[in-house]
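[1] Fold the following for me, if possible:
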Amino acid sequence: MLENINLRNTMILIYSIPSFVYFFYNIINKNIDTILSKTGHLKWNWIPTNILGYLFYLFFLYFSLFINRKYIGIILSLPLFAIFYYYYYTDGTAGSLWCWSVNIIMLYYLIKLLIYLPLIL
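    Numbering: from 1, shown residues only. Next comes the predicted model:
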């Protein structure tokens, strides 16, 4: 979503290197499986469980929204992220947390493309 190609490529590189290292570490050292939690959400057992992992994820999730001044997307998704983080904390459903947060951002763009932009044109 970044219009500045150099910045976009730099951010992809900064994100990709630690992500690939963590991915290969998990393949070698962890049992990669997904189970259903008691609340009915997916529990991905290889997702980081510490706050540092989530801060890494949030930075890259919201960086382009912030740079592109998409403040409505940030305002709508951050409270929901906090709610989902609470549920993750109680039963370990990080998979659902990731899916919900990304889908909320996509809903923003869906509403913008199908409702907002046709009305102003």
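[2] Let me see the ranges of the helices in the chain.
    For the chain, the helices defined by DSSP state H cover 5-29, 51-67, 71-91, 94-111, 117-120.
[3] Relative to Lys38, tell me which of these wins on proximity.
    Among the helices of the chain, helix 71-91 comes nearest to Lys38, with 6.2 Å by Cβ to Cβ. No exception for glycine: its C-beta is placed from N, CA and C like everyone else's.
[4] and the closest one, average pLDDT?
    In this model, helix 71-91 has a mean pLDDT of 81.
[5] which helices and strands sit right next to it?
    helix 51-67, helix 94-111 (3 or more Cβ pairs under 8 Å, 6 or more residues apart in numbering; DSSP states H and E).
[6] Dump the shortest one to PDB, restricted to CA.
    Taking C-alpha atoms only, helix 51-67 is exported to PDB below (Å, rounded to 0.1, in the frame of the first residue of the first chain):
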ATOM      1  CA  ILE A  51       4.300  -8.900  23.400                       C
ATOM      2  CA  LEU A  52       7.400  -8.200  21.300                       C
ATOM      3  CA  GLY A  53       6.100 -10.500  18.500                       C
ATOM      4  CA  TYR A  54       2.800  -8.600  18.500                       C
ATOM      5  CA  LEU A  55       4.500  -5.200  18.400                       C
ATOM      6  CA  PHE A  56       6.600  -6.400  15.400                       C
ATOM      7  CA  TYR A  57       3.400  -7.500  13.700                       C
ATOM      8  CA  LEU A  58       1.500  -4.300  14.600                       C
ATOM      9  CA  PHE A  59       4.200  -2.000  13.400                       C
ATOM     10  CA  PHE A  60       4.200  -3.500   9.900                       C
ATOM     11  CA  LEU A  61       0.400  -3.800   9.800                       C
ATOM     12  CA  TYR A  62      -0.200  -0.100  10.700                       C
ATOM     13  CA  PHE A  63       2.900   1.500   9.200                       C
ATOM     14  CA  SER A  64       1.500   1.900   5.700                       C
ATOM     15  CA  LEU A  65      -1.900   3.000   7.000                       C
ATOM     16  CA  PHE A  66      -0.200   5.700   9.000                       C
ATOM     17  CA  ILE A  67       2.100   6.800   6.200                       C
END
